[in-house]
Each structure stands twice: as structure tokens, then as C-alpha cells.
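Need coordinates for the following:
(chains A and B)
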Amino acid sequence: MSDPSILHLDPQTGIAEVALERNLYPLDVIYGAAYVLIDRAYLLLDRRASDGRVTVRIESRDGGDEAALRALVGEFSNELLNQALRRKITRQNKVELEAIVTQALAGATGALLPGDMDDDDLDFLDDPLGIAVPWEEKFSKEARAAEKAKDSEDAS
Amino acid sequence: MSTAQLQLHRKLYTATSVRVAKKAFAELATIEVSRDVNHFTLTFREMAPDVADVLTREFANYALAETIESRR
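Here you go, the predicted model:
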């Protein structure tokens, strides 16, 4: 990523102006970097009609010498890189972040996630212990006779 | 009476942020807003003397902060 180019830097007025390529520094990145400096500098964003680059005029609130102004511009440049990297990482991890948040919210509300459900356990027709068989049916004469026949068959 | 002008690019500053900033600074100056194809042009009149030297720059910062916060 190329450095932002300093259009001018005037220690007398305490004003520096940098130009940024939109392809390299999206608007969100420029905003993020500007926001970090906004309590220490006066910032004015503009867009050049000639090449479409965004210009940022930076003026220290406290005045200061050329070194202080250059430090401010340098800090702004670093913050641009920082914001660009954060943006890239956020985009790369977007799917994972969304999954984590979804699981956290679902866990907090006690809801079942699709992955937690086991279809075999939910089949109400399975009745291995015979709980769902009515008493009359289970102990009817026919059932007891069938059971006796089975026992005698097993014994022989 | 001193006047000052400030231009804010319409692609970089939202109309809402300019409106909110104008309302916030209403007691410090009489502010007129006009717009052309690319810019909001703000004209500051009857500026409070004690803040006149930084008024436009503070206004620009305020509008920028409003724009950034509205995008979050």
C-alpha cells in the first residue's frame, strides 16, 4: 500500500494536506483514521475534481512546529493502515464472527440450533420400552397367551 | 461585520450532519447553507467574537464526526 502523498505542509500556518487514492483507501478507512485524530486536529475532507482523490487537510489544534505537524501527518498515515488492516480482517472473518454471535445469542435465549437436533431422538413412533402400549392391550388374554406360547417355545 | 465561508463536499459529508451541525452552532453565528452539484457552501455571519477564529474549523469537525457516527 502506497503512502498518502503530502500535497503541502506549511509550518507557518500549521496546515498539512494529503491526497489519498480511493482505490487504496476506501472512505470507511479515511473516516476511521480521521475520527481518531478529530480531538487533536482540525480536519477537512474534500475531493479533487481533477483525479477524484480525497484530500485531507490536517491542522493541529495546539499549533506547534514543523516536527509536530509532520508527526500528526505520520500518525494519520499509520492510522490509515491500521484501519485498512482492521477492515480486511473483519471481512475475512465475517462468516466466523456471525456464527459465533448467532451461537452466543441462541445460547443466551436457550433456543436449539439446527446442529443440536438429532432426528433419531425425536421420532415419537419409537417405543422400545413399550410405554405407549395401552394396559388393556398389553395384558389382554391374547397377549398373555402369545407370551406363554413364546416362553414354551423358548424352553423347548 | 466578519463573515466566513466553508465548503463541504456532498459525497463526504451527509446532509443530515450539516443540518445537525448548523443547529448545534446556531447560537454562535448566523449560518446559511446553499448547495451546488458538489458542495454544501456554508456562510457564517454575525459570528461570536470569542470563537470567530475557529468557528468554521470546529463546524467542519462537528459535521465530520456526525457523518462518521451516522455510518456506524
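
mind listing the strands for chain B?
Here chain B has its strands, by DSSP state E, at B:4-9, B:30-35, B:39-45.

Now distance to chain A too, for those, in CSV please.
(Glycine included, C-beta is placed from N, CA and C.) Output for the strands of chain B, formatted as CSV (distance: least, Cβ to the nearest Cβ, whole Å):
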stretch, distance to chain A
strand B:4-9, 5
strand B:30-35, 15
strand B:39-45, 8
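
what's near enough to touch the residue most central in space within chain B?
In chain B, the centroid-proximal residue (Cα atoms, centre = their mean) is B:Phe59; its distance is 4.6 Å. Listed by Cβ atoms under 8 Å, 6 or more residues apart in numbering or on different chains, the contact partners of B:Phe59 are B:Leu6, B:Ala21, B:Phe25, B:Ile31, B:Leu42, B:Phe44.

Quick one: residues contacting the fifth one.
Which is B:Leu42. B:Gln5, B:Leu6, B:Gln7, B:Leu8, B:Val18, B:Lys22, B:Ile31, B:Glu32, B:Val33, B:Thr56, B:Phe59.

now the first one
For B:Leu6, the residues meeting the contact criterion (Cβ under 8 Å, 6+ apart) are B:Thr41, B:Leu42, B:Phe44, B:Thr56, B:Phe59, B:Ala60.

check contacts around the closest residue to the first one other than its chain neighbours.
Of all residues beyond its chain neighbours, the one nearest B:Thr41 is B:Ser34 (5.0 Å), with distances taken as Cβ to Cβ, 6 or more residues apart in numbering or on different chains. Residues touching B:Ser34, when contacts are defined by Cβ under 8 Å, 6+ apart, comprise B:Phe40, B:Thr41, B:Thr43.
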